[in-house]
Every structure is written in C-alpha cells, then in structure tokens.
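> Okay, sequence plus prediction incoming.
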Amino acid sequence: AGPIVIIGGGHAGAALCGALAAAGLGAQVHLVCEEAVLPYHRPPLSKAFLKTPDEKLQPHRAEDWYAHQGITLHGGDAAVAIDRAQRHVRLQSGQTLSYGRLVLATGSRARHLPHLPASLANVFTLRSVADAQRLRERLHSAQHVTVLGGGFIGLEIAASARAAGKAVTVLESAPRLLARSVSPELAEHVLQTHRASGIDLRLGVAVGEFEFDGDRLASLAVNGRREPVELLVMGIGAAPEHTLASEAGLLCENGIVVDALMRTSDPDILAIGDCVAFDESYSGRRLRLESVQNANDQARTAAATLQGREEPYRALPWFWSEQGAMRLQMAGLMPTDPAEGKRYRRDGANAGTFSLLHYVGERLVCVESVSAPLDHMAARKLLETGKSPAPEAACDPAVPLKNHA
Ligand code: FAD
C-alpha cells in the first residue's frame with residue numbers, strides 16, 4: 001500500500017513507530033519531526049526537568065533503534081502542505097514525500113495571550129524541550145515567578161519553581177483550580193496544599209494592562225493593581241495543531257475529526273493524539289484529550305487500522321500529574337453536570353492520601369486519587385471492566401479496593 005508517512009514525532013508518533021516496527025512494517029515508515037531532537041517524553045518538562053538543572057531529556061528510543069527498524073527519520077523538518085490528489089507531503093526543506101497512508105500526529109501548541117507580544121525576554125510558555133531549556137535557565141537566576149493559569153501545567157511549573165526555592169504567584173481567572181478536569185473537592189485539596197507550601201495562589205483574578213521595559217514585560221495589572229513581573233510563565237491551555245489538516249480540506253472541529261478507527265474525513269489519512277477530536281466511547285461525548293495515555297492508545301488503534309484490522313478505540317481515559325509531593329491520578333470521565341453524580345471518599349494508606357469515587361446512579365464513572373496509586377490501579381480496573389461496587393463497600397478502608405475487582 002506504499003509508504004506510511006507520520007507527521008509529528010511526539011508521544012503519538014513515537015508510539016505508532018513502535019507498533020508498526022513490532023508488526024515488521026518499519027521499513028515503510030517515514031517520521032517527520034519538526035523538533036530537531038529524537039522523540040522524547042514530554043511530561044518531565046514541567047516536573048523533574050524543570051527543577052533539576054542536570055536532569056536529562058528522556059528520548060523514547062535511541063537513534064539506532066529507528067535505523068535498525070528501517071524507519072526513516074526526517075528530523076528538524078516540518079511538513080508544510082499535503083497534496084491529497086498527488087498523495088504527497090511537502091516538507092519545509094523542499095523535499096516531497098509520497099504516501100500510501102498518512103498519519104497526522106501534530107499534537108497541540110501552547111496558547112499565548114493574544115494581546116501580549118510573542119517574543120518578550122521574560123515571558124514563557126512550555127511545550128517543547130527548547131521551551132523547557134530556556135525556562136530552566138531563566139528560572140535558575142530568578143527570585144520570583146508569576147504563573148498565569150491554574151491548570152495542570154501551570155500548577156506543575158509552580159510546584160517545580162517552589163521546590164527550587166523560588167517565590168511563586170499563580171493567577172487564575174476562574175473561581176477554582178483545574179476547572180475543566182477535576183472535581184471541586186480535589187481542586188480544593190490541591191489549592192490548600194499549594195498554599196501550605198508557600199505559593200501565593202489567587203483565584204478569580206482579572207489580569208490586564210501590561211507595561212513593558214524594552215523587550216521585557218515589566219508589570220501587569222491584577223484586579224486593577226499594578227504588580228511587577230520578573231518572569232512570567234503562561235499555562236493557559238493548548239490548542240490543537242490542525243493547520244495542515246484544515247488546509248488540506250479535512251474536517252476539523254476543535255481538532256481533526258476522526259472515527260473510532262482514527263480515520264479522518266479522508267480514509268487514507270489518519271490522525272492521533274492531542275490534535276484529534278473523537279467520539280469518546282464511555283461517555284459518548286465528542287472530546288479532544290491531551291494525555292500520554294490517549295496518544296499511546298490511539299497510536300495502537302491506528303497501527304491496527306493501517307494493517308487492515310478494525311479495532312475501534314475504546315480505551316478508558318486516564319491522566320496523572322505530579323505537583324510537589326502530590327501525585328494526582330484521574331481515570332474515567334466525570335459527568336459534565338456535577339449535580340448528576342455523587343462522590344464518595346476512600347482514605348488511602350497514608351495521611352493526606354485518598355481517592356474520590358464518582359458515581360452516576362449506581363454506576364462508578366470516574367476515580368480521582370491523591371498519592372494513592374494502589375487504590376487508583378484497582379479503581380481503574382473496576383472502571384475498565386464495568387464493575388461498580390456499592391459506594392459504602394468501596395470506601396471501607398479495611399477491605400482492599402482490588403478485592404472488588
Ligand atoms: P506532542 O507530543 O505534542 O507531539 C506533536 C509533535 O508534532 C511535536 O513534536 C510537534 O513539534 C510536531 N509537529 C507539529 N506540527 C508538525 C509539522 N507540520 N511537521 C512536523 N512535525 C510537526 N500528559 C500526561 O498524561 N501526564 C502528564 O503528566 C503530562 N505532563 C505534561 C507536561 C508538559 C509540560 C506538556 C507540554 C504536556 C504534558 N502532558 C502530560 C501531555 C502530553 O505530553 C501530551 O498529551 C502528549 O505529548 C500528546 O502527544 P502527541 O504526540 O499527540 O503530541
């Protein structure tokens with residue numbers, strides 16, 4: 001069926017290379033990586049990599065693995081156009097790659113405040129290792145860091161900066177943290193933990209009116225009061241990278257729309273990972289997920305599709321985040337209307353550790369855990385197998401949760 005061209009060497013692209021190589025198809029694969037480094041693990045960038053000066057980048061695989069599998073790497077080169085009629089992709093370097101099947105794994109891009117100039121010396125976003133290196137260097141000599149946004153990445157950066165001994169302020173416009181992704185109870189626990197660690201965390205703030213000093217942001221107005229800025233990191237979310245797809249006329253709606261086999265509106269073009277919008281099988285909702293789990297599992301589905309097997313995407317969504325000493329783990333999806341569900345708390349083995357079990361009627365739909373990895377694993381298994389123990393039994397700390405699985 002001709003070459004398989006994968007655009008994007010992030011988690012999804014790397015996982016797809018692994019699955020295709022395992023199926024003996026490596027020699028057909030071309031991987032186009034805009035970043036000039038081998039595919040690497042992104043989650044440490046806001047965690048260990050940021051707070052530890054000599055922490056190294058973790059590549060998914062060594063360079064000779066790709067060569068050994070016959071995979072052709074196009075590193076430091078970006079795809080700039082897809083010609084669906086000619087079935088080829090044009091690269092920035094001028095090269096043209098013919099494809100039998102094409103896979104878009106272009107991920108997402110950090111959002112930037114629209115009214116802030118793009119290249120200020122003391123303003124950062126964090127998406128790539130290049131961003132992380134730049135930020136780590138500047139963080140080293142800074143006394144105070146302002147983080148815009150109380151989402152996962154903003155809070156991880158705040159916790160890492162605090163662990164490195166910096167004074168940290170987090171500004172969140174919503175009345176609570178992590179509003180899109182966790183329950184109010186978990187958000188409150190996270191808030192109190194960060195405040196107890198010394199982070200100045202403010203909710204419901206309006207940020208505006210920037211003042212500049214040459215190429216630096218000098219201050220911003222917080223609720224109308226001017227505050228100086230030494231270093232500002234924006235953690236205000238990410239947008240799907242679907243420029244190539246929309247220019248090629250593929251259906252995009254907050255992400256490249258795919259079916260359960262990861263096929264776009266052109267069945268010879270697949271898409272996987274952060275850049276994709278799909279109908280999630282547990283909730284039936286149209287979703288775009290930004291997680292390593294989603295990237296890896298969609299890559300597996302795509303590998304099956306490319307081999308002519310129909311294995312619809314049905315993975316349970318799960319996610320983790322590390323913020324200071326807290327390890328947060330989430331599995332399943334909460335009801336969009338919190339009033340629809342009921343939450344029960346199961347205490348963990350150690351003080352301050354717990355899991356929140358979310359039920360809709362008698363059905364367990366989602367579990368959130370704070371530093372309770374064993375309970376979380378057991379709960380994930382319950383969700384995956386569709387088992388729903390009665391809440392009182394599931395919350396009895398005398399009975400291991402795995403006994404209900
Ligand atoms: P990406 O990994 O973003 O890869 C996309 C790649 O495509 C990029 O290298 C990009 O440069 C490249 N690309 C884009 N356009 C082109 C083009 N035209 N040509 C060539 N290449 C192109 N998830 C978790 O589950 N847990 C965590 O703790 C966690 N922490 C995170 C911390 C940080 C700092 C970040 C940024 C993300 C974190 N995530 C975490 C999210 C997770 O990393 C992503 O969901 C995952 O990387 C998605 O994989 P992907 O392959 O879809 O996209």
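Nice, thanks for sending it over.

> what bridges to Phe210?
Residues in a beta bridge with Phe210, per DSSP bridges, are Leu220.

> and it, how many neighbours?
Number of residues near Phe210 (other Cβ atoms under 10 Å) recorded here: 18. Using the backbone N, CA and C atoms, a C-beta is placed for each residue, glycine as well.

> per-residue pLDDT, it?
What the model reports as pLDDT for Phe210 is 95.

> now swap in Pro338 and tell me
Pro338 is given a pLDDT of 73.

> contacting residues for it?
By Cβ atoms under 8 Å, 6 or more residues apart in numbering, the residues touching Pro338 are 183-184.

> Quick check: it vs the ligand, distance?
23 Å (Cβ to the nearest ligand atom, to the nearest Å).

> How much space separates that residue from Gln192?
Using Cβ to Cβ, to the nearest Å, we find Pro338 at a distance of 20 Å from Gln192.

> Also Phe124?
27 Å.

> Between the two, which has more neighbouring residues?
Using other Cβ under 10 Å as the criterion, Phe124 and Gln192 rank with Phe124 on top: 21 against 11.

> Is it correct that that one is in contact with Val229?
No: between Phe124 and Val229 there is no contact under Cβ atoms under 8 Å: 11.5 Å.

> residues near the residue of the stretch 51-200 of the chain at minimum distance from the ligand, how many?
Proximity of the stretch 51-200 of the chain to the ligand (Cβ to the nearest ligand atom) peaks at Gly107, 2.5 Å away. Neighbourhood size, Gly107 [other Cβ under 10 Å]: 25.

> cool, Leu356 as well?
22.

> Just to be sure, it is in a strand?
Yes: counting by DSSP: H, G, I helix; E, B strand; the rest coil, Leu356 is located in a strand.

> Please name the bridge partners of it.
Going by DSSP bridges, Leu356 forms beta bridges with Arg345, Glu368.

> quick one: it and the ligand, what's the gap?
As judged by Cβ to the nearest ligand atom, Leu356 and the ligand stand 19 Å apart.

> which bits of the stretch 151-300 of the chain sit near the ligand?
153, 241, 244, 273-275, 290-293, 295 (Cβ under 6 Å from any ligand atom).

> Ala164: which of the residues you listed is nearest?
Nearest to Ala164 out of those is Ile153 (Cβ to Cβ; 16.4 Å).

> State whether the closest one is indeed within a strand.
No: according to three-state DSSP, Ile153 belongs to no strand; its state is helix.

> In the stretch 1-150 of the chain, which residue sits nearest the ligand?
Gly10 (1.7 Å).

> which residue sits closest to that residue in space, ignoring its chain neighbours?
Gly107 (4.7 Å; Cβ to Cβ, 6 or more residues apart in numbering).

> Please name the residues that touch the one you found.
Neighbours of Gly107 in contact, by Cβ under 8 Å, 6+ apart: 8, 10, 12, 241, 273-275.

> Swap in 10 Å and give it another go.
Applying Cβ atoms under 10 Å, 6 or more residues apart in numbering, we find Gly107 in contact with 8-13, 34, 42, 127-128, 238, 240-241, 272-276, 290, 295.

> Over to Val360?
Applying Cβ under 10 Å, 6+ apart, the residues near Val360 are 334-335, 340-342, 366, 388.

> Also Pro317?
280-283, 287, 289, 291, 293-294, 297, 330-333, 366, 383.

> now it: how far from Val367?
11 Å.

> List just the nearest of the contacts of Pro317 to the ligand.
Nearest to the ligand among the contacts of Pro317 is Ser291, at 3.7 Å by Cβ to the nearest ligand atom.

> What sits closest to that closest one if chain neighbours are left out?
Nearest non-adjacent residue to Ser291 (Cβ to Cβ, 6+ apart): Phe319, at 4.6 Å.

> Can you tell me the SS state at that neighbour?
Here Phe319 is strand, with the state taken from three-state DSSP.

> packing partners for the lengthiest helix in the chain?
Secondary structure of the chain per DSSP state H: the longest helix is helix 292-306. Contacts defined by 3 or more Cβ pairs under 10 Å, 6 or more residues apart in numbering; DSSP states H and E place helix 292-306 against strand 4-7, helix 11-22, strand 101-104, strand 269-271, strand 276-279, strand 318-323.
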